[in-house]
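Asker: Dropping the sequence and predicted coords here.
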Amino acid sequence: MRMICTHYCDFNETLSSHVSKDSGLPRCIMGTVPPAVLLFFVLLLALIQLYKKGKIQKDNHGRTLLSADIESTSVEEIIKEEVKPCQGVLKCRHINRSCQMSQYSIQSIMNPAEFVHGDNRTSFLYTFQQFLHISLVLVPVVDVITKTVIEPKRLQGYVMVSDGGAFLTWLIAFFVLRAESSRYFKVHLSRHSIGLLLFWSMAFVIENLAFISWNNPHWWFGRKTRIQEAEFGLFITRYIIVVLIFAIGLKGPGLYQPTKVAVQEEPKYLEGSSVSHNLYI
């Protein structure tokens, strides 16, 4: 345990190590620069979300209702505003100002396609999208525990920076996703912002940069030791999760999905054709 964090880089690498054609990218650089870039970018997105949230709250508090408008508003209109119809895919009815599902709502729940996709923020895909972000928060924790148990001397400075940065990055990204989805859903937008899409794209590209170092013995692709096998398993897990986050993010399941209304064409009858009188009974 005394060998933990004795150096910032291991494998005799430094932050000034050059990239070679055969060995690819040094692990010390990859554990420092990409996590710092992602963390800085998601912090910028979080600040933008906080600014917009504060601006919306300021606009809402700044609005005043004139007394003339209050007098002109009838009691029936106030009650209608207080008891709004249920929003969402499920149809329901109000009994004693409480929303109760109808038989049609139960049938909608039993519909697998409606359960997966949905038209609101309770769909399975949106829940799964949040679960993936939380999973990436836990991956660096598992990485630190694995290195501590198997090979403590691998816990050098750049590993702590990489895992700590990944933990903060995806934790902040989780709250940015929820804040943006909630705000975009209210204003009926069906696509995420360019900033969040760019963040997911950058995370996907960074994971693919590891393949450049396929022949580097310091990376995990050789799987010659227990720690390399564990690191390779964590890399595969992280890669799959990032791919799913990127793909689901393009769909935007937590955003507003316009309801598709089926248009039925009226039957056209040719002139001179005979129509059975049974149709009009």
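Answerer: In hand now; what should we look at? Numbers count the residues shown, from 1 in each chain.
Asker: Only C-alpha atoms from now on, for both contacts and neighbour counts.
Answerer: Fine.
Asker: which residues does residue 54 contact?
Answerer: By Cα atoms under 8 Å, 6 or more residues apart in numbering, residue 54 lies in contact with nothing.
Asker: pLDDT below threshold where in the stretch 101-250 of the chain?
Answerer: 101-121 (pLDDT under 70).
Asker: can you pull out the strands in the protein?
Answerer: Per DSSP state E, the chain carries strands over the ranges 92-95, 98-101.
Asker: So for the first one, mean pLDDT?
Answerer: When the per-residue pLDDT values of strand 92-95 are averaged, the result is 46.
Asker: let's have the chain start at 826 instead
Answerer: I'll keep to 826 as the first residue from here, and by that count the last item is strand 917-920.
Asker: For the closest residue in space to residue 853 that isn't next to it in sequence, the count of nearby residues, please.
Answerer: Closest residue in space to residue 853, ignoring its immediate chain neighbours: residue 834 at 5.5 Å, by Cα to Cα, 6 or more residues apart in numbering. Other residues within reach of residue 834 by the criterion other Cα atoms under 10 Å amount to 22.
Asker: Residue 1049 too?
Answerer: Other residues lying near residue 1049 total 10 when counted by other Cα under 10 Å.
Asker: and the gap between it and residue 847?
Answerer: The gap separating residue 1049 from residue 847 is 19 Å, by Cα to Cα, to the nearest Å.
Asker: same check, this time on residue 1046
Answerer: For residue 1046 relative to residue 847 (Cα to Cα), the value is 14 Å.
Asker: just residue 956 next, same as before
Answerer: 38 Å.
Asker: Which of these two has more residues huddled nearby?
Answerer: Using other Cα under 10 Å, the more surrounded residue of residue 956 and residue 847 is residue 956, with 15 against 11.
Asker: OK, contacts around that one?
Answerer: By Cα under 8 Å, 6+ apart, no residues touch residue 956.
Asker: Show me where the chain has its helices.
Answerer: Using DSSP state H, the helices of the chain run over residues 852-855, 858-887, 892-897, 900-907, 928-934, 937-941, 949-975, 982-1011, 1019-1033, 1051-1076.
Asker: I'd like those laid out as a markdown table, including distance to residue 1042.
Answerer: Formatted as a markdown table, those follow (distance: least, Cα to Cα, whole Å):
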| stretch | distance to residue 1042 |
| --- | --- |
| helix 852-855 | 11 |
| helix 858-887 | 21 |
| helix 892-897 | 75 |
| helix 900-907 | 66 |
| helix 928-934 | 52 |
| helix 937-941 | 43 |
| helix 949-975 | 18 |
| helix 982-1011 | 17 |
| helix 1019-1033 | 18 |
| helix 1051-1076 | 10 |
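Asker: For residue 843, which of those is the nearest?
Answerer: Nearest of the helices of the chain to residue 843, taken as Cα to Cα: helix 852-855 at 9.5 Å.
Asker: Tally up the residues packed near residue 967, please.
Answerer: Residue 967: 13 neighbours (other Cα under 10 Å).
Asker: how far away is it from residue 1035?
Answerer: Counting by Cα to Cα - residue 967 and residue 1035 are separated by 19 Å.
Asker: now do residue 1050
Answerer: Residue 1050 sits 18 Å away from residue 1035, going by Cα to Cα.
Asker: same check, this time on residue 1069
Answerer: Residue 1069 sits 18 Å away from residue 1035, going by Cα to Cα.
Asker: likewise residue 1075?
Answerer: Distance from residue 1075 to residue 1035, counting by Cα to Cα: 24 Å.
Asker: Over to residue 1014?
Answerer: Distance of residue 1014 to residue 1035, given as Cα to Cα: 35 Å.
Asker: ok, the closest residue to residue 998 other than its chain neighbours - contacts?
Answerer: The shortest distance from residue 998 to any non-neighbouring residue, by Cα to Cα, 6+ apart, is to residue 867 (6.3 Å). Contacts for residue 867 were tallied using Cα under 8 Å, 6+ apart; they are 994, 997, 998, 1024.
Asker: From these, pick the one nearest residue 1018.
Answerer: Within those, distances to residue 1018 taken as Cα to Cα reach their minimum at residue 1024, with 10.1 Å.
Asker: Do I have it right that that closest one meets residue 864?
Answerer: No: under the criterion of Cα atoms under 8 Å, residue 1024 is not in contact with residue 864, lying 9.8 Å apart.
Asker: Thank you, goodbye.
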